[in-house]
Each structure stands twice: as structure tokens, then as C-alpha cells.
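Enquirer: Structure, please.
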Amino acid sequence: MRLKRWLLVMMGWFCVLTVSAQDEGKRDTVQIPVMLSTTTIGSDTLPLVEMEEVRVIPLPKFRNRRQARRFGRYVRNVKKVYPYAKLTARLLNEMEQHMDSLTTEREKKAYIKQVEKSLKDQYSDVIWNMTFSQGKILIKLIDRETGMTSYEIIDRMKGAFNAGFWQAVARLFGSNLKTKFDPGGEDRILNQVVMMIEYGMI
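Expert: Here you go, the predicted structure:
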């Protein structure tokens, strides 16, 4: 009986020492100085921690395999044309910066003609081999990346006549260069797919 009591006492002391050691370890960890920004709300001073933006992108749900296959094709189309929308935004920014350094309309027209020829040489085959669906997606993504419709870009760079001409051609094929990107409406799924691409989810 005494042996059992002695064992229980020893076990109790062991547990107390273990918890005490853990608590001391925790206190040591807590006592490490950390520099935090603060903010004051009323009479309270609160720690202010800046965190990176977290976006929640809901994964699509499909009723059947046909919907899943259709979505898979849609994702492939977006992934194919999205780099060209990004390229358009970068080139447009570079062109506008360079054109600001040019003094005459003649110089600007010559520069635009030179860029246009270079783009045709590099990308005409890619553009002409795009499907109708890919072309419509590209028009929307150009607006997403640049803040301007394809029509507005052509109008700015080549003038209203050229913009009108290419708009007429696009309309013949059932497309519209004036189409704007609508992330909260009909382009909600497209916007989600682009964000999934940007975040490396697909």
C-alpha cells in the first residue's frame, strides 16, 4: 500500500515538473521581443499585422461529364490566349511610353508601322490559327489587362478609320471589338479561370 502511494506521489511530482518545464519553455518563447505596428481605436492601442491578400476562388461543380469536358476545353482556350492579352498590355504600355518621347506625328506613325510589321511577322500565324471561341476570349482579356477595348486600342494607335474597318470585319465573323470585360456578370467564370491560372491552381 505504501509502495503504491509512493509511486503515485512520484508520478504526480513528475507530471508537475513536466508541466512546469513546458510552461517555462512557453514563457521563454513568449518573451522573445517582436516588433509590431500598432493602431489606436478610441482609447485602445491594438497590434496591427499586415497580411497578404487572400482570394477565395470557388471550384466549379459539374452536373455531368459533358459539363466537365466543356469546362476543360474552356480552360485550355483561356490558357492559350491569356499570354497574348498580357503581351498586348505590356506592348501597349511600352509603345505609349516611347511615343511620348516622339515629337512629330510623322515619327509616331513610322514607329507604329514598324511595331505593327514586327508583330505581324511574329504573331500573325498564331492569331489566324485561333478558333472563334479563342478570339472572343482574347478580346475580353485584352480589355481586362489594358482597361481598353480592342476597338479603342486600334482607334488610339491607327485612327478611327482603321478601328471602324476592323470592327466591321469582326462583326462579319460574329465578334465585336468593342466588347468589354464584365467580371461581375457574364465574365465571372472567365475571371475565376484567369485568377486560378495566376495563382497556379490550373
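
Enquirer: how about the helices of this structure, start to end?
Expert: Counting by DSSP state H, one finds helices in the chain at the ranges 2-30, 65-100, 105-128, 132-146, 150-158, 160-172, 188-198.

Enquirer: Those: which one's closest to residue 56?
Expert: For residue 56, the closest of these is helix 188-198, at 10.1 Å, according to CB to CB. C-beta coordinates here come from the backbone N, C-alpha and C atoms, glycine included.

Enquirer: Would you mind writing the CA trace of that closest one as PDB?
Expert: Extracted in PDB, the C-alpha atoms of helix 188-198 (Å, rounded to 0.1, in the frame of the first residue of the first chain):
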ATOM      1  CA  ARG A 188     -17.500  35.800 -63.900                       C
ATOM      2  CA  ILE A 189     -16.300  32.300 -64.800                       C
ATOM      3  CA  LEU A 190     -13.700  33.700 -67.100                       C
ATOM      4  CA  ASN A 191     -12.300  35.900 -64.400                       C
ATOM      5  CA  GLN A 192     -12.200  33.000 -62.000                       C
ATOM      6  CA  VAL A 193     -10.300  30.900 -64.500                       C
ATOM      7  CA  VAL A 194      -7.800  33.700 -65.100                       C
ATOM      8  CA  MET A 195      -7.300  34.000 -61.300                       C
ATOM      9  CA  MET A 196      -6.800  30.300 -61.000                       C
ATOM     10  CA  ILE A 197      -4.100  30.500 -63.700                       C
ATOM     11  CA  GLU A 198      -2.400  33.400 -62.000                       C
END
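
Enquirer: And residue 153, how far from residue 62?
Expert: From residue 153 across to residue 62, the span is 36 Å (CB to CB, to the nearest Å).

Enquirer: With residue 113 instead?
Expert: For residue 113 relative to residue 62 (CB to CB), the value is 48 Å.

Enquirer: before we move on, the earlier item: any chance of the helices of the chain in TSV, with distance to residue 46, mean pLDDT and mean neighbour count too?
Expert: Below are these laid out as TSV (distance: least, CB to CB, whole Å; pLDDT from 0 to 100; neighbours: other CB atoms under 10 Å):
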stretch	distance to residue 46	mean pLDDT	mean neighbour count
helix 2-30	18	44	9
helix 65-100	40	93	14
helix 105-128	53	87	12
helix 132-146	38	93	20
helix 150-158	46	89	19
helix 160-172	54	87	14
helix 188-198	32	92	17
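
Enquirer: Using a markdown table, please lay out the ones you listed together with distance to residue 178.
Expert: Below are the helices of the chain laid out as a markdown table (distance: least, CB to CB, whole Å):
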| stretch | distance to residue 178 |
| --- | --- |
| helix 2-30 | 60 |
| helix 65-100 | 16 |
| helix 105-128 | 19 |
| helix 132-146 | 9 |
| helix 150-158 | 5 |
| helix 160-172 | 7 |
| helix 188-198 | 17 |
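
Enquirer: isn't residue 202 right up against residue 75?
Expert: Yes - using CB atoms under 8 Å, residue 202 is in contact with residue 75, at 6.0 Å.

Enquirer: joint contacts of the two?
Expert: By CB atoms under 8 Å, 6 or more residues apart in numbering, residue 202 and residue 75 have these common neighbours: residue 193.
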